[in-house]
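1. The following comprises the amino acid sequence and a computationally predicted model.
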Amino acid sequence: MNQEHSAKLHEFFDWGVRARLELIPTTRKVRRDFALLAEREPGGGAIMAALDRILEEAERWHDQSVGLPPAKGPYRETLPDVDVPLTEIISWAEATNALFETVSRLGTYCHFHLKEQRKREAEQAKPVAAPLFSKEEYRRLKVKNSLLNNLEILLGRTSLSSYPLRLEIDPTNECNLRCRGCRHGITKEFHHTEMRRDYVEIISEAFPFADYMYPIGTGEPTMSSTTPMLIREAARHQVKVDLLTNGIALDKVEVPWEAFHRLGISVDGASEETMRALRPVAPLAHVLASLGKLRAKAPQATIYTKVTVSRMNYDELPALMEKLAGAGVNEVIVHSLEVFHTVHEAIQVRASDRGHMEQCVQAAKETAERRGMRFVNALNFDGAARHDESARDKDAMFQVLKQNPLPVLQIRELPALGEAIESTPFHYYPETLARATAAKPASPPIRRPAAVEGPTIDRMIKEHVRLAREIQPEQARIPYCFLPWKMPIVAPDGRTRACCHLSGQLGDIDQGKSFQDLWSSPGYVALRESMFEVEKLPDSCATCREFDRSAYSDETLALADMLGVPIRQAPRYPAPMDVTGLLRGAGNLGRRGFEPHGARVSWNGRFVIPPGGQIVARFPNPRSGAGVYYQGKFHFEGGRLLAGVKPFWGEDLWHYMIDSWYTSLLGDWVGLPMPPLPLDFSSCTAEECCVFLWAPPDNARNVEVRIKEFSGVATAPGPCHKDGLQTGHLWLGDQAAT
């Protein structure tokens, strides 16, 4: 077999496998929906039988569809060494893919024929139950869950007792717009669906422990009949809710507006012409009016806009800021257009746009801040720009968009769908391969610990703290990316992903009975395990340029410092340079290096820091790229403290808020948290810097601090690329600091 022929065999086999991996779970979901319609639809019984045959074939091969972890390597499944004609593999792949597309269209048929029924059911739903705990009890429970989650990361746990800190929920993939930057502007040929009420009930098991929920995804969330239920359940458990909408149907949706922490609307232009070209059916005047309505409906919420920046609209950013400020917006987030279709190439920014675009963005930032709005620049020019020098012609871009027709949703007739499903037999493998191999996909074992509960979390934290303090340098490790521990994305059909840039489904609500079944599904466990070994990372993770992999890492690394987990003593990390002898301070206090500012030293050697007071330990500016590391142990009682480093007296270089209630969960003595990356002091002009412990003025009482074994501050040379921590991925620089 020549190399070209072998490549084609693997290519078409992989196509068929991918279609099969989508077909089986989709068939399970569509069958459940169609069962509600089958009795009253002509030919419904035959269609049900055809769907059952697909599922029977999957069962024969022991395929439970419990998850679809992201893959390492080019293919989902290795083609066995069996002489299968290429024509047979192509025929099998085409049939499997055609069947998947037809079943998906049947799912869309079910969605729209059940829509009114589900809306009525939602309106007749029982009232939301009372909260389980007080507001303060919820706050503490969420902090404890976050602590347990970070402890599980430090201990290398991949099957979790803790719940995620944040949930991104996609209530529906249906949308009333066809925006150019979204797949709805490219095609409507996919399985339209919305989240089921029983899915919300399972997801809500995480709400007492989670801190944040973001109902967003592939559709317009206000079009789902379960969105109000989702928001009410989250708000009942003191979850901060952040909703991004297109703002078109706000007058028709009934949601508890008082529950929102943040509310946003997407806006892509400062002129009607640009808005209608990029976001058809979303007139700018209507969207600006909707922003004003949000301000009136939810005065407690932060009102924000998201702007997808392209070559088409970056020059309108300054003018847009003025209009958004007039609509009562608090925050503007600008981000780059994601190019995934040829139509996007016409409006993709070019390398030659950089100078002009940066000027426009800076002018927009200045305008926003002058009008009292926060400006968040999330643009990724290097990742989004096309490398050519073509001249910018806005009229030509308008013409390209006008010449590319917008997709129209077509709901296929049921007889045609039934005939296509019934006439297309489903084979798990090509017939020759099925006869030649006895291989059956083994269902991954489910290793699920007991989910944490309010009464058990303290005991669990205590045990995990003890284990974390015992970690030796050769055992210390951190994951390549923290997202698989922190946040799931749950699709309308109940399947989950770890990241919007990561293909593959990790779990399925249908395959379990609780949220923990989803959160510690085999797919999630496999992905988390790969995060600790770079050579086992899925390809899309190893080449990720879309996401800051150190996001959500700060708390985990701070906890490691507080417990003395030796993350920073990894074998390749450079030895610290001891500058203890250079410390200055009031040595007669008995606590080397520390001096009070508005604080006092009690008779038993404790620092008593009243609200607004602080203690500091001075050290000279190292004048180099350096990490600043504490060497000491601390005990806190009575309130909150801000611990950090700053030039003496400049702005803080970094800081962490420490709550004495939180440190009490870690034992009597803790270290102080350090920055996730070394700091570069070479650009700092101050002669002196200081470690500070400052008590916020709003503290209700004094904070008492005891310090022991404090030997000062140590600095270390900045690490080389891939040498920042044990696995190296948190260091984002390319040069060693000297």
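-> Received the coordinates, thanks.
2. Quick check: Ala643 is in a strand.
-> Yes: assessed with DSSP: H, G, I helix; E, B strand; the rest coil, Ala643 lies in a strand.
3. any chance you could map the helices in the stretch 551-700 of the chain?
-> Here the stretch 551-700 of the chain has its helices, by DSSP state H, counting those that start in this stretch, at 554-563, 660-664.
4. For the shortest one, give the mean pLDDT please.
-> When pLDDT is averaged over helix 660-664, the result is 94.
5. centre of the chain versus it, how much separation?
-> Distance, stretch centre to chain centre, for helix 660-664: 28 Å (Cα atoms, centre = their mean, to the nearest Å).
6. And stretch 375-384, by the same measure?
-> 17 Å.
7. That stretch: end-to-end distance?
-> End-to-end distance of stretch 375-384 (Cα to Cα, to the nearest Å): 20 Å.
8. Outside of that stretch itself, which residues are in contact with it?
-> Residues outside stretch 375-384 that contact it (Cβ atoms under 8 Å, 6 or more residues apart in numbering): 309, 321, 331-339, 348-349, 354, 357, 361, 364-365, 368-369, 545-546. In short, each C-beta sits where N, CA and C put it, glycine included.
9. now stretch 228-235
-> For stretch 228-235, the external contacting residues (Cβ under 8 Å, 6+ apart) are 122, 125, 128, 169, 171, 195, 197, 200, 203-204, 207, 213, 215, 241, 243, 253-256, 258-260.
10. quick one: least confident helix or strand in the chain?
-> The least trusted helix or strand in the chain, going by mean pLDDT, DSSP states H and E, turns out to be strand 577-578, with a mean of 52.
11. so where's the protein uncertain?
-> Scanning the chain with the threshold set as pLDDT under 70 gives 1, 66-69, 438-449, 545-551, 568-592, 603, 625-630, 676-678, 711-738.
12. Now do the buried residues in the helix with the most length in it.
-> For the chain, the longest helix by residue count, based on DSSP state H, is helix 86-123. Buried residues in helix 86-123, defined by neighbour count with 16 or more other Cβ atoms under 10 Å: 89-93, 95-97, 99-111, 113-115, 118, 122.
13. and the helices of the stretch 551-700 of the chain, which is most packed in?
-> Among these, helix 554-563 has the highest mean neighbour count (mean count of other Cβ atoms under 10 Å), at a mean of 22.
14. who touches that one?
-> 146-147, 150-151, 153-154, 465, 468-469, 476, 478, 482, 565, 567-568, 630, 656, 663, 666, 670-674, 676, 730.
15. Which entries within the residues you listed meet the buried criterion?
-> Buried among the contacts of helix 554-563 by 16+ other Cβ under 10 Å: 146-147, 150-151, 153-154, 465, 468, 476, 478, 482, 565, 567-568, 630, 656, 663, 666, 670-674, 676, 730.
16. Now do the nearest residue to Tyr656 once chain neighbours are set aside against Val465, distance only.
-> Leaving aside its sequence neighbours, Tyr656 sits nearest to Pro673 (Cβ to Cβ, 6 or more residues apart in numbering; 4.4 Å). Separation of Pro673 from Val465 (Cβ to Cβ, to the nearest Å) stands at 15 Å.
17. what's the answer for Gln362, then?
-> Between Gln362 and Val465 the computed distance is 47 Å (Cβ to Cβ).
18. on that earlier part again, quick one: which of the helices of the stretch 551-700 of the chain is nearest Asn604?
-> helix 660-664 (17.4 Å; Cβ to Cβ).
19. helices and strands around that closest one, which ones?
-> For helix 660-664, the packing partners by 3 or more Cβ pairs under 8 Å, 6 or more residues apart in numbering; DSSP states H and E come out as helix 135-154, strand 625-637.
20. Make CSV from those and add distance to Tyr524 to it.
-> Listed next are these as CSV, based on distance: least, Cβ to Cβ, whole Å:
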stretch, distance to Tyr524
helix 135-154, 13
strand 625-637, 33
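21. Relative to Asp539, which of those is closest?
-> Using Cβ to Cβ, those put helix 135-154 closest to Asp539, at 23.2 Å.
22. got a list of what Val239 touches?
-> Applying Cβ under 8 Å, 6+ apart to Val239 gives the contacts 207, 210-213.
23. Next, format the residues you listed as a markdown table and append neighbour count.
-> Shown next, in a markdown table, are these (neighbours: other Cβ atoms under 10 Å):
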| residue | neighbour count |
| --- | --- |
| Phe207 | 23 |
| Ala210 | 25 |
| Asp211 | 19 |
| Tyr212 | 18 |
| Met213 | 25 |
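24. Among the residues you listed, which one lies nearest to Pro42?
-> Checking these against Pro42 with Cβ to Cβ, the nearest one is Met213 at 42.3 Å.
25. For the helix or strand hosting that closest one, name the packing helices and strands.
-> Using DSSP states H and E, Met213 sits within strand 212-215. Applying 3+ Cβ pairs under 8 Å, 6+ apart, one finds that strand 212-215 contacts strand 166-169, helix 227-236, strand 240-245.
26. quick revisit: okay, and which of the contacts of stretch 375-384 map to helices?
-> Those of those mapping onto helices are 321, 354, 357, 361, 364-365, 368-369, per DSSP H.
27. Give me the buried entries from the residues you listed.
-> Among the ones in helices among the contacts of stretch 375-384, those scoring as buried are 321, 357, 361, 364-365, 368 (criterion: 16+ other Cβ under 10 Å).
28. Who are the contact partners of the residue lying closest to Trp669 once chain neighbours are set aside?
-> Using Cβ to Cβ, 6+ apart and skipping residues adjacent in sequence, the residue nearest Trp669 is Lys633, 4.3 Å away. Contacts for Lys633 (Cβ under 8 Å, 6+ apart) come out as 669-671, 707-710.
29. Please list all residues in contact with Glu189.
-> 101, 105, 407, 410.
30. That one in helix, strand or coil?
-> coil.
31. burial count for Leu467?
-> 12 (other Cβ atoms under 10 Å).
32. and it, what element?
-> Leu467 is part of helix 457-469, with elements assigned from DSSP H and E.
33. elements contacting the helix or strand just after that helix?
-> Scanning forward in sequence from helix 457-469 by DSSP H and E, the next helix or strand is helix 483-486. Packing partners of helix 483-486 (3+ Cβ pairs under 8 Å, 6+ apart): helix 135-154, helix 522-530.
34. One more pass at 10 Å, please.
-> In terms of contacts (3 or more Cβ pairs under 10 Å, 6 or more residues apart in numbering; DSSP states H and E), helix 483-486 is packed against helix 135-154, helix 522-530, helix 554-563.
35. Of all those, which one is nearest Val281?
-> helix 522-530 (36.9 Å).
36. elements contacting that closest one?
-> helix 483-486, strand 495-497, strand 507-508, helix 539-542.
37. quick one: which of those is nearest Ala695?
-> Each of the helices and strands packed on helix 522-530 has some distance to Ala695 by Cβ to Cβ; the shortest is helix 483-486, at 29.9 Å.
38. what about dumping the CA coordinates of the closest one to PDB?
-> The C-alpha trace of helix 483-486 is given here as PDB (Å, rounded to 0.1, in the frame of the first residue of the first chain):
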ATOM      1  CA  LEU A 483      -9.600  25.600  33.200                       C
ATOM      2  CA  PRO A 484     -10.500  21.900  33.400                       C
ATOM      3  CA  TRP A 485     -10.600  22.300  37.200                       C
ATOM      4  CA  LYS A 486     -12.400  25.600  37.300                       C
END
